[in-house]
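[1] no sequence for this one, just the structure:
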């Protein structure tokens with residue numbers, strides 16, 4: 001049976017994330033915990049160091065599952081590491097780069113397989129964006145608000161993710177709806193908050209709320225409420241890479 005899945009709205013590895021991160025650590029069951037710093041392309045080492053300090057405060061050791069480039073995403077040894085994981089956490093950063101590196105790769109196939117076998121999987125901000133059907137990347141530089149969709153990893157189908165919803169992610173709604181259509185589900189998650197999948201449903205955990213946006217309708221689910229209307233994760237997110 002698939003493991004826990006957490007889509008975190010950002011500001012990961014800081015106080016306020018204990019409600020979901022503690023559950024993720026418990027779900028790891030003593031097996032290895034890895035952080036994936038693909039999206040943190042400007043300073044992946046800093047992202048890994050921050051993750052180590054944070055999980056140490058929760059009583060757990062963390063190592064990097066190193067997949068910083070397309071070449072590393074093809075690594076057989078890294079894929080083998082992923083399959084042995086109890087928890088894999090994909091940090092935030094650049095959503096376009098995260099998708100470009102991971103989509104169709106051997107390592108992503110192994111991460112998805114580990115989750116299907118029961119490992120916990122978490123992703124924050126750009127990492128969570130990449131896990132959905134579409135990842136909303138910057139349409140033009142330096143405009144941070146206007147977004148265009150790129151094909152995501154498809155683990156959570158039929159939707160796009162709006163991180164940092166309580167600070168700036170809400171401003172992405174007009175361009176997202178223009179590009180994807182107003183009927184497409186947009187999933188807004190506040191910082192230090194997660195939409196947490198635990199069979200058989202989703203719930204909100206953490207400091208804020210999960211907001212589902214379709215057209216002009218908004219449904220807000222403050223933690224610890226059940227989140228109704230978020231698609232069931234795909235147990236087969238696509239063909240593995242050779």
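    Happy to help now that I have it. Values in this document were obtained by computation on a predicted structure and should not be read as measured data.
[2] wait, is residue 45 part of a helix?
    Yes: Residue 45: assigned to a helix according to DSSP: H, G, I helix; E, B strand; the rest coil.
[3] ok, now which ones touch it?
    Applying C-beta atoms under 8 Å, 6 or more residues apart in numbering to residue 45 gives the contacts residue 37. C-betas here are computed from N, CA, C, even on glycine.
[4] measure it to residue 72 for me?
    Separation of residue 45 from residue 72 (C-beta to C-beta, to the nearest Å): 14 Å.
[5] same deal with residue 188?
    Applying C-beta to C-beta to residue 188 and residue 72 gives a distance of 32 Å.
[6] look at the two and report which has more neighbours.
    residue 188 (26 against 15; other C-beta atoms under 10 Å).
[7] so that one makes contact with residue 170?
    Yes: the criterion here is C-beta atoms under 8 Å, and residue 188 meets it with residue 170 at 6.4 Å.
[8] show me where pLDDT drops low in the protein?
    139-144, 237-242 (pLDDT under 70).
[9] where along this structure do the strands fall?
    5-8, 33-36, 63-64, 87-90, 120-124, 132-138, 147-151, 156-162, 185-189, 193-198, 201-206, 209-214, 217-222, 226-227 (DSSP state E).
[10] which helices and strands does the second one pack with?
    When contacts are defined as 3 or more C-beta pairs under 8 Å, 6 or more residues apart in numbering; DSSP states H and E, strand 33-36 sits against helix 44-57, strand 63-64, strand 87-90.
[11] one step back: just tell me which of the strands of the chain ends up closest to residue 177.
    strand 185-189 (7.4 Å; C-beta to C-beta).
[12] and the closest one, which strands flank it?
    Paired strands of strand 185-189, with direction, are strand 156-162 (parallel), strand 209-214 (antiparallel) (DSSP bridges).
[13] tell me which of the ones you listed lies nearest to residue 61.
    Taking those one by one with C-beta to C-beta, strand 156-162 is closest: 28.4 Å.
[14] OK, contacts around the residue lying farthest from the centre of the chain?
    Distance from the C-alpha centroid of the chain peaks at residue 216, with 25.1 Å (C-alpha atoms, centre = their mean). Contact analysis of residue 216 by C-beta under 8 Å, 6+ apart lists residue 182.
[15] quick one: distance of stretch 131-140 to the chain centre.
    Mean-position distance between stretch 131-140 and its chain equals 12 Å (C-alpha atoms, centre = their mean, to the nearest Å).
[16] please read the previous query as pertaining to stretch 42-50.
    17 Å.
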